[in-house]
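Q: Kindly generate the corresponding structure for this input.
(2 chains)
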Amino acid sequence: MSRRPVALYAGALLCLSLLAAAALSFVWTPWPPFEMAMASRLQPPSWAHWLGTDAYGRDVASQLLLGARASIAVGFVAVAVGMLAGCALGLLAAARRGWLEDALMRLTDLGLAFPALLTAIVLTAVYGPGMGNAMLAIGLYNVPTFARIARAGARSIWARDFVLAARAIGQGRWAITLRHVLPNVAPLLVVQATVRFGIAILAEAALSYLGLGTQPPQPSWGRMLSEAQTLMGQAPWLALFPGCAIALAVLGVNMLGDGLRDRLDPRLRRL
Amino acid sequence: MTALLARRLLGLLATLAAMSALVFCTLDLLPGNAAEMALGPDAAPEAVQALAVQMGLDQPAWVRYLSWTRGMLQGDFGTSTSYGEPVAALIAERLALTVPLALLAMLLTGVLALAVGVTAAARHRSATDTALMAVTQLGVAVPNFWLAILLVLLLSVQLGWFPAGGFDGWSEGVGTGLRTLLLPALALALVQAAILARFTRSAVLETLREDYVRTARAKGLSERAVLWRHVLRNAMIPVVTVMGLQFAELLAGTIVVENVFTLPGLGRLVFQAIGNRDLPVVRGCVMLLAAMVVIVNFAVDILYAAIDPRMRGARR
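A: Residues are numbered from 1 along each chain as shown, chains lettered A, B, ... in the order given. Predicted coordinates for the structure are as follows:
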């Protein structure tokens, strides 16, 4: 299988570029990102403005670099919330079994019926739009998925002989969970984290497109697209670059996830 | 089968009840006062008080919850604070667009995904396989609303083949209506089809390794007959489950895509209701969307048990 490392390296490269773009935006952008210049509005890509300018004459390339920050921030927080809460619930369900496991799994079923966007819409209806609520909503949506994966993985580990041995020497349920179960389900969770990171970037973009996510003046790829849509006839490039940025970021995260899965858990390798 | 149906139906009812409680709690209890929300922060306290009494907010939460659920069971979702019309009528009007849109998107998803997934699996490790999988990898990464914008840019603005947005209803004829819905459905379907195609390919490859496939080949069946008669039927089982789960994403996707194309559907209704702080509409739409997801998955479960007797004993 020669194609495996290619996905891993290409994915890692794209992810590093995304991080580098966000880091770079703190120290340097081609133009001041918020500087409006009505004289040079809606310019097509040129040597001065590599990706053109928007309706207020702001440099698109600079805005895109800043937009990477919002995507990464939402991705990290949403995955962290989902992974911590979901993993705790899943491990608890697998360790305790019985009615608690049943109840927790019914709850995750319920949670899975609310897509991220719907959760986010409910939260913004109650607490108002904003990046914080978007992060929280996408994070909450991630909890049931992580809970199910952690529980399924943990249950198979609990059935293994080394867990039986640990119990025989008198280790408690929580000690076994922390020392034996968690390290063995960790690879599954890491792979899932990359998948969810990609989904979080897409969800943040959709929410910001609807005006419910990242708020102005903080640039966001999703909101750039909604602004571009109204000017589609005059300045089609405005709709092109933010979409490419989103697609490349998600592609990178997904490829990294595929590569990691093959590396960390050969049993799950895709055919 | 009857026992299973009864058990699953009970489970469905319990889920719907829990769901309504969850929706009610998040939307009705947490924000304090729904009347305050409807009128905005600058409203006079007397006006808020009057509306609160009119909305029945002076009653305890459990009374309001019971009257809301009892109303829903009778088809009464309350009255919209911004339109002044019954929520049920508003929703029914919008469903005439959203349901055909979701079904059309699901149909396109299934057809595209099966074609691509089966082709790729049948030519495993060929250039065709690699190329198709590269395209789907890209498809998974593309946001559906961006795809929608690009489709409008290319097919409506540049070529003028499709309307760029809006919907005149079904009075112009089914053909015209479907033509309007085709681009939004395609934008929704392409992304989901990419996910499903990858899954279909894996399922088909998995099934190709089964003993009965070797037997079918050994008895001299053509590769085409093996694929269609033996492999696909068995591979379809996990594929249909995933399609059921994707329906949730599709419904959520309509919220965004309806806004790209300014289609007067359920997604646009709920989105505008948030802007108008119209709580009865938001609550009704969210409940309905979530209930649709649960009911579709319930139907898939039952369908399974009907198709595959092995599924009847097992709990998911």
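Q: Relative to residue A:226, how far out is the closest residue to residue B:146 other than its chain neighbours?
A: Once flanking residues are discounted, residue B:146 sits nearest to residue A:243: 3.7 Å by C-beta to C-beta, 6 or more residues apart in numbering or on different chains. Just so you know, the C-beta spots here come from the backbone N, C-alpha and C atoms, and that holds for glycine as well. From residue A:243 across to residue A:226, the span is 12 Å (C-beta to C-beta, to the nearest Å).
Q: More neighbours: the two, which one.
A: Comparing residue A:243 with residue A:226 by neighbour count (other C-beta atoms under 10 Å in any protein chain shown), the higher total belongs to residue A:243, at 23 against 20.
Q: looking at this, that one is in a helix?
A: Yes: using DSSP: H, G, I helix; E, B strand; the rest coil, the assignment for residue A:243 is a helix.
Q: these two touch, right, it and residue B:150?
A: Yes: at 7.1 Å, residue A:243 counts as touching residue B:150 under the criterion of C-beta atoms under 8 Å.
Q: circling back to that earlier point, any idea of the pLDDT on the residue nearest to residue B:146?
A: Here the pLDDT value assigned to residue A:243 is 91.
Q: can you check residue A:74 too?
A: 91.
Q: cool, residue A:139 as well?
A: 91.
Q: Point out where chain A drops to low pLDDT.
A: Applying pLDDT under 70 to chain A flags residues A:1-4, A:42, A:125, A:265-271.
Q: Which helix or strand contains the spatially most central residue of it?
A: Residue closest to the mean C-alpha point of chain A, counted by C-alpha atoms, centre = their mean, is residue A:197 at 2.1 Å. Residue A:197 is part of helix A:182-209, with elements assigned from DSSP states H and E.
Q: buried stuff in that helix?
A: A:182, A:185, A:187-189, A:191-209 (16 or more other C-beta atoms under 10 Å in any protein chain shown).
Q: coming back round to it: which residues touch the residue nearest to the centre of chain A?
A: Applying C-beta atoms under 8 Å, 6 or more residues apart in numbering or on different chains to residue A:197 gives the contacts A:75, A:76, A:79, A:253.
Q: tell me the two of those that are most distant?
A: Greatest spatial distance in the contacts of residue A:197: A:76 and A:253, 11.5 Å, computed using C-beta to C-beta.
Q: The stretch 1-150 of chain A: helices as residue ranges?
A: For the stretch 1-150 of chain A, the helices defined by DSSP state H, counting those that start in this stretch cover A:3-27, A:60-96, A:98-112, A:116-127, A:131-158.
Q: So for chain B, which of these sits nearest?
A: helix A:116-127 (4.2 Å; C-beta to the nearest C-beta).
Q: Report the angle between the helix or strand where residue B:255 lies and helix A:182-209.
A: Using DSSP H and E, residue B:255 sits in helix B:232-260. On the basis of axes from the mean of the first three to the mean of the last three C-alpha atoms, to 10 degrees, helix B:232-260 is oriented at 40 degrees to helix A:182-209.
Q: So residue A:151 sits against residue A:87, correct?
A: No: proximity of residue A:151 to residue A:87 does not meet the contact threshold set by C-beta under 8 Å, at 9.5 Å.
Q: most surrounded residue in the contacts of residue A:197?
A: Counting neighbours by other C-beta under 10 Å, residue A:75 comes out on top of the contacts of residue A:197 with 27 neighbours.
Q: Taking the centroid of chain B, which residue is nearest it?
A: Mean-position check on chain B, C-alpha atoms, centre = their mean. Result residue B:251 at 2.7 Å.
Q: tell me the contacts of that residue?
A: Here residue B:251 is in contact with A:115, B:98, B:102, B:289, B:292, B:293 (C-beta under 8 Å, 6+ apart).
Q: and those residues, which two are the farthest apart?
A: A:115 and B:98 (14.2 Å).
Q: ok, the two, which is more surrounded?
A: The neighbour comparison of residue A:115 against residue B:98 (other C-beta under 10 Å) goes to residue B:98, with 26 against 22.
Q: List the contacts of the more buried one.
A: B:251, B:254, B:258, B:265, B:266, B:267.
Q: give me the element the closest residue to residue A:9 other than its chain neighbours is part of.
A: Closest residue to residue A:9 apart from its sequence neighbours, by C-beta to C-beta, 6+ apart: residue A:259 at 7.4 Å. Here residue A:259 sits within helix A:237-264, counting by DSSP H and E.
Q: What backbone torsions are found at residue B:90?
A: With angles defined as degrees, to the nearest 10, residue B:90 sits at phi -60, psi -40.
Q: One more: residue A:215?
A: Here is the backbone geometry of residue A:215 (degrees, to the nearest 10): phi -100, psi 150.
Q: That one and chain B, how far apart?
A: As judged by C-beta to the nearest C-beta, to the nearest Å, residue A:215 and chain B stand 15 Å apart.
Q: Neighbours of the closest residue to that residue other than its chain neighbours, how many?
A: Nearest-residue entry for residue A:215: residue A:130, 5.8 Å, with adjacent residues in sequence omitted and distances by C-beta to C-beta, 6+ apart. Burial of residue A:130, expressed as a neighbour count using other C-beta under 10 Å, amounts to 16.
Q: can you pull the contacts of residue A:130?
A: Contact analysis of residue A:130 by C-beta under 8 Å, 6+ apart lists A:124, A:213, A:214, A:215.
Q: Now render the residues you listed as a markdown table, adding neighbour count.
A: Formatted as a markdown table, these follow (neighbours: other C-beta atoms under 10 Å in any protein chain shown):
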| residue | neighbour count |
| --- | --- |
| A:124 | 20 |
| A:213 | 28 |
| A:214 | 27 |
| A:215 | 17 |
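Q: Mind picking the two most distant members of those residues?
A: A:124 and A:214 (12.1 Å).
Q: Overlap in contacts, these two.
A: With C-beta under 8 Å, 6+ apart, residue A:124 and residue A:214 have common neighbours A:130, A:134, A:207.
Q: quick one: contacts for the second one?
A: With contact taken as C-beta under 8 Å, 6+ apart, residue A:134 is in contact with A:74, A:120, A:124, A:203, A:204, A:207, A:208, A:212, A:213, A:214.
Q: what do you get for the last one?
A: Under the criterion of C-beta under 8 Å, 6+ apart, the contact partners of residue A:207 comprise A:117, A:120, A:124, A:134, A:137, A:213, A:214, A:222.
Q: Find the nearest non-adjacent residue to the fifth one, please.
A: Nearest non-adjacent residue to residue A:137, counting by C-beta to C-beta, 6+ apart: residue A:120, 3.6 Å away.
Q: Would you mind confirming that residue A:129 is in contact with residue A:213?
A: Yes: counting by C-beta under 8 Å, residue A:129 does reach residue A:213; the two are 7.0 Å apart.
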